[in-house]
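Participant: Would you be able to build a 3D model of this:
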Amino acid sequence: MYLVAILEVYMRKLVFCHEIVDFIEEEKDKFPTVKDQYLFNSPPKLIALDDEGQHKETIRIDNWKGEHLLQFLREKVKPNSASS
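Facilitator: Prediction:
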């Protein structure tokens, strides 16, 4: 399991990714270990970090459905940073 996931996006590309916009607006607050980061010209992606804050995996999510994003986060990312 990953300790933290960073949701990296570029705002102008989000107009093509309605599922990700819906996640950010409606679901993201339910995942305190998911941080959003806005980076110029970045395709939507999840950057997974381990317990030591080290990069473990980067996954492009621009063609993911919202349900797949939720399932991945529930299965792969710890629900809160206090978990061990």
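Participant: Please name every helix or strand in contact with the longest helix along the chain.
Facilitator: Criterion DSSP state H: the longest helix present in the chain is helix 66-76. Applying 3 or more CB pairs under 8 Å, 6 or more residues apart in numbering; DSSP states H and E, we find helix 66-76 packed against helix 18-22. From N, CA and C alone the C-beta is placed, and that goes for glycine too.
Participant: Heading C-terminal from the helix it packs on, find the next helix or strand.
Facilitator: strand 34-38 (DSSP states H and E).
Participant: Pull out the buried residues from that following strand.
Facilitator: Judged by neighbour count using 16 or more other CB atoms under 10 Å, the buried positions of strand 34-38 are Val34.
Participant: Disregarding residues adjacent in the polypeptide, which is nearest to Val21?
Facilitator: Sequence neighbours aside, Leu14 is the residue nearest to Val21 in space, at 5.3 Å (criterion: CB to CB, 6 or more residues apart in numbering).
Participant: re the thing from before, any idea how far the longest helix of the chain is from the chain center?
Facilitator: Chain-centre distance of helix 66-76: 9 Å, with CA atoms, centre = their mean, to the nearest Å.
Participant: and if you look at stretch 50-57?
Facilitator: On CA atoms, centre = their mean, the centre of stretch 50-57 falls 14 Å from that of its chain.
Participant: what's next to that stretch, contact-wise?
Facilitator: 2-4, 46-49, 84 (CB atoms under 8 Å, 6 or more residues apart in numbering).
Participant: Give me the distance between the two termini of stretch 46-65.
Facilitator: By CA to CA, to the nearest Å, the extent of stretch 46-65 from end to end equals 14 Å.
Participant: nope, stretch 34-47 is what I meant
Facilitator: 10 Å.
Participant: Use 21 as the first number for this chain going forward.
Facilitator: Got it, the first residue is 21 from now on, which makes the last one we talked about stretch 54-67.
Participant: Show the average pLDDT along that stretch.
Facilitator: Averaging pLDDT along stretch 54-67 gives 94.
Participant: cool, stretch 33-50 as well?
Facilitator: Averaging pLDDT along stretch 33-50 gives 91.
Participant: Okay, buried residues for it please.
Facilitator: By 16+ other CB under 10 Å, the buried positions in stretch 33-50 come out as 37, 39-41, 43-44, 48.
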